[in-house]
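Colleague: pasting the sequence and the predicted model now:
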Amino acid sequence: MKKFQPSLIEKAYAKLISRSYKAFFEGSRGAISMQDLLGGISEKYDLSADEKIAIEDNKLFNIIINAKKTNLIAIGSTRGKNKTTKEIQDEMKEQGIYQSHAYAITDSRIINHNSEPTHRLIRIRNPHGIQAKETFIGSLKDDPSIKSSLPELKVDGESWILLEDFRKFFSSFDICNLIPNNINPDVFTDDFTAKLALTTVEGRWMGGISDEYVKVAEMLDTNPQYRMTLKQHHEDNKKYSILIGLSLKHRDDLKLVTDSKVGISVLNFNDDMNLPKPLDSSCKKCIDEIKKKSRLRSDAGQVSYRLELPPGVYYILPLISNTMKRATYFLQILSEEKDILEVYDRDVNVPKMKDKFQKIFETVSSCKKNRKVYNKFQNRYTKTADFKALYLILKNPKVSTNRLCSSQLDISHGFCQNLISMIPDHKPKEIYQDTSTGKTRVLRYPSIDIDQFETIIQFIQNLRNIFIKYDVSASGFVPYTRMKRMLDEFGYELPYTIIEILVDTYRDESRIYYDKFIQCFVHMSLILGKIEKKLSGNNGQEFNVCFDELLHKFWLKMESRELYKTLSLEEAIALFSDDIQKQIFQKKSIYYHSNLFMY
């Protein structure tokens, strides 16, 4: 049974990742598979003939020796048909080596003879566990003096191979570095002189660097940023050995892992403390550093980067090649120092929405046509307009927001209610409860006066001007890469995590259309107003936590509107399994169904 378990795990893993065993990439997913199944940070070394990217022999063999010494898992992947010549393919077949296949690396040896050069050997094992066709591979089988110096092979599938032949038959070499965890809390450097610490962070990408509209300058606006600080503790200015690992956390969302490359870019500005926070497209020095690509590594699905760095301040950018909606990543750093990583983003000051709308009102250019339309639909007694009246007003072609604009707003009752609700001093809803029957009735819906109406018009016009400025092709949409700058221009200086949520919510692929753009700012104004009230209570909540909580509630409310429109009362109540929730929902739903746009 023990021998059969690995096969079951392999089949289950292949099904999970590639949907079928047939589609699973044989021998080409070693680093990813090891990290998924064992944890740790995987490293991949290229054994190609290209001297620019291939690892040298001495370094490769030292890594194999250290891997064995520190009990790391190591594998080698053999060459496929497209990575070698016909002669080598025939030689691999003759030696019994499978193409595009992964072999475990189980040992290494150095053999010295007085009259002969040093021989470096590697012991490999076919994970299929079948007896190897040749136990001494390549030129090794013709040298009895070396064979006699090697220990006897006792495990099926094992063979010895010279380092030179290993390079010839194998295309890559992968190891999985151990990380501190509950099972193995202590991990040391190769020389066992220092204990290693792990720093981890999870995040989400806004989009890919190869997207249609992404320029090099916009990479800083559309990707998360982290600052890594390496303090100087040694008089000799000793360098730090840093291992950075980045992987897609949800690779099952991809068609193929090879279709989505992820990358790590490490930037250094010689400890310049006058850089913007976060780094953005306005920083020429930052853009020039990105263009150098001096410290950039990328690979399919998972990538690692080992660096020897002097003390200083460095900036890490996790990258993804193409857009995968809400693609999430896992970033790990293994080093001798603890807590060296911090999110490099702006501090958020929640704007005072009352002051914000007061400034908008002060810039209002009163329009007689707007006032005339407002007077036509306002309540004659209160001189105010509720969401129904505002709907009719904004639908009127004479209103300034509908004139001289190539893109039109998608006006709805719900949108009008949100416009009214975002005004800080709007007149609240008035409810009357009949004590005899216990029924609740709305006497007056939330409403605005004419000055507040003109503030809303000016609010929309200000946003329209920003949209036109960034819609350089007058196409009715803007690339999502410009969302940060548009938010900043309007005065909503938000962190990356919030901008990413907004972009994901309101974009259509790589584009944000005019009506979605306006909706985004209306909803953001609503949420910021609620955050301002909530944080003023000094309850110790952080902005991001408060935003996530309110955004979740907001979208539940928006989804419930759609639910009530499509389901009967009985069907909606049936969705709730909890009896208490059913009772509460039943009472509210009768009222909701008659007032769909109020909740």
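Modeller: On my side now, so go ahead.
Colleague: domain parsing for this protein?
Modeller: 5-177, 197-343, 353-546 (automatic domain parsing).
Colleague: how far does the first one stretch from start to finish?
Modeller: Between the opening and closing residues of domain 5-177 there is a gap of 24 Å (Cα to Cα, to the nearest Å).
Colleague: returning to what we had before: okay, the domains of the chain in TSV with mean neighbour count next?
Modeller: C-beta coordinates here come from the backbone N, C-alpha and C atoms, glycine included. Listed next are the domains of the chain as TSV, based on neighbours: other Cβ atoms under 10 Å:
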stretch	mean neighbour count
domain 5-177	16
domain 197-343	17
domain 353-546	17
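Colleague: to Asp186, which of those domains lies closest?
Modeller: When the domains of the chain are compared by Cβ to Cβ, domain 197-343 sits nearest Asp186, at 10.6 Å.
Colleague: and the closest one, how far out from the chain middle?
Modeller: 12 Å (Cα atoms, centre = their mean, to the nearest Å).
Colleague: does the residue lying closest to Asp515 once chain neighbours are set aside sit in a helix, a strand or a coil?
Modeller: Distances taken as Cβ to Cβ, 6 or more residues apart in numbering place Asp410 nearest to Asp515, at 4.2 Å, with adjacent residues excluded. Under DSSP: H, G, I helix; E, B strand; the rest coil, the three-state class of Asp410 is coil.
Colleague: repeat for Ile242
Modeller: Criterion first, three-state DSSP; result for Ile242: strand.
Colleague: again, but for Val155
Modeller: Val155 - assigned by three-state DSSP - is coil.
Colleague: ok, it - contacts?
Modeller: Thr106, Arg125 (Cβ atoms under 8 Å, 6 or more residues apart in numbering).
Colleague: now the domains of the chain as CSV including mean pLDDT?
Modeller: Converted to CSV, the domains of the chain look like this (pLDDT from 0 to 100):
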stretch, mean pLDDT
domain 5-177, 82
domain 197-343, 85
domain 353-546, 87
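Colleague: tell me which of those lies nearest to Phe188.
Modeller: It's domain 5-177; of the domains of the chain, that one is closest to Phe188 (Cβ to Cβ) at 7.6 Å.
Colleague: distance from that closest one to the middle of the chain?
Modeller: Worked out by Cα atoms, centre = their mean, domain 5-177 lies 33 Å from the chain centre.
Colleague: which of the domains of the chain sits closest to Lys553?
Modeller: The nearest among these, by Cβ to Cβ, is domain 353-546 at 8.9 Å.
Colleague: how far does that closest one sit from its chain's centre?
Modeller: 29 Å.
Colleague: now do it: distance from first to last residue.
Modeller: Using Cα to Cα, the two ends of domain 353-546 sit 16 Å apart.
Colleague: OK, contacts around Leu163?
Modeller: Asp57, Leu60, Phe61, Arg120, Leu121, Ile122.
Colleague: how about a cut-off of 10 Å?
Modeller: Counting by Cβ atoms under 10 Å, 6 or more residues apart in numbering, Leu163 touches Asp57, Asn58, Leu60, Phe61, Ile64, Ser108, Ile110, His119, Arg120, Leu121, Ile122.
Colleague: tell me which of those residues fall in helices.
Modeller: Per DSSP state H, helices hold the following members of the contacts of Leu163: Asp57, Asn58, Leu60, Phe61, Ile64.
Colleague: ok so, going back, can you redo the domains of the chain as JSON lines with distance to Lys553?
Modeller: Listed next are the domains of the chain as JSON lines, based on distance: least, Cβ to Cβ, whole Å:
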{"stretch": "domain 5-177", "distance to Lys553": "34"}
{"stretch": "domain 197-343", "distance to Lys553": "20"}
{"stretch": "domain 353-546", "distance to Lys553": "9"}
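Colleague: which among these is found nearest to Ile183?
Modeller: Closest to Ile183 of the domains of the chain is domain 5-177 (Cβ to Cβ; 9.2 Å).
Colleague: surely Ile457 is in a strand?
Modeller: No. In this structure, Ile457 is helix, not part of a strand, as judged by three-state DSSP.
Colleague: go ahead and confirm it touches Cys367.
Modeller: Yes. Using Cβ atoms under 10 Å, Ile457 is in contact with Cys367, at 7.5 Å.
Colleague: next up, phi/psi of the residue most central in space within the chain, please.
Modeller: Centroid check for the chain by Cα atoms, centre = their mean gives Arg204 as the closest residue, at 2.1 Å. Main-chain torsions, Arg204, degrees, to the nearest 10: phi -140, psi 140.
Colleague: against Lys83, how distant is the nearest residue to it once chain neighbours are set aside?
Modeller: Nearest residue to Arg204 in three dimensions, chain neighbours excluded: Thr328, at 4.9 Å (Cβ to Cβ, 6+ apart). Using Cβ to Cβ, to the nearest Å, Thr328 is found at 32 Å from Lys83.
Colleague: same question for Leu443.
Modeller: Relative to Lys83, Leu443 is positioned 77 Å away (Cβ to Cβ).
Colleague: what's the overlap in contacts for Ile457 and Cys367?
Modeller: Common contact partners of Ile457 and Cys367 (Cβ under 10 Å, 6+ apart): Tyr374, Val399, Ser400.
Colleague: ok, the residues you listed vs Lys231, which is closest?
Modeller: Nearest to Lys231 out of the shared contacts of Ile457 and Cys367 is Ser400 (Cβ to Cβ; 58.3 Å).
Colleague: surely the closest one touches Ile393?
Modeller: No. Applying Cβ under 10 Å as the test, Ser400 and Ile393 come out as separate, 11.2 Å apart.
Colleague: mind listing the shared neighbours of those two?
Modeller: Asn370, Val373, Ile457.
Colleague: Pro185: what's it in contact with?
Modeller: Counting by Cβ under 10 Å, 6+ apart, Pro185 has contacts Lys195.
Colleague: doesn't it belong to a strand?
Modeller: No. Under three-state DSSP, Pro185 sits outside any strand and is assigned coil.
Colleague: from now on call the first residue 302
Modeller: In the new numbering, first residue 302, that becomes Pro486.
Colleague: relative to Ile641, how far out is it?
Modeller: 19 Å.
Colleague: doesn't His824 fall inside a helix?
Modeller: Yes. Per three-state DSSP, His824 lies within a helix segment.
Colleague: need the contacts of Leu464 in JSON lines (columns: distance to Phe474).
Modeller: Below are those laid out as JSON lines (distance: Cβ to Cβ, whole Å):
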{"residue": "Asp358", "distance to Phe474": "12"}
{"residue": "Asn359", "distance to Phe474": "14"}
{"residue": "Leu361", "distance to Phe474": "7"}
{"residue": "Phe362", "distance to Phe474": "10"}
{"residue": "Ile365", "distance to Phe474": "8"}
{"residue": "Ser409", "distance to Phe474": "12"}
{"residue": "Ile411", "distance to Phe474": "18"}
{"residue": "His420", "distance to Phe474": "19"}
{"residue": "Arg421", "distance to Phe474": "14"}
{"residue": "Leu422", "distance to Phe474": "15"}
{"residue": "Ile423", "distance to Phe474": "10"}
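Colleague: any idea which of these is closest to Gly602?
Modeller: Gly602 lies nearest to Leu361 out of the contacts of Leu464, by Cβ to Cβ, at 23.3 Å.
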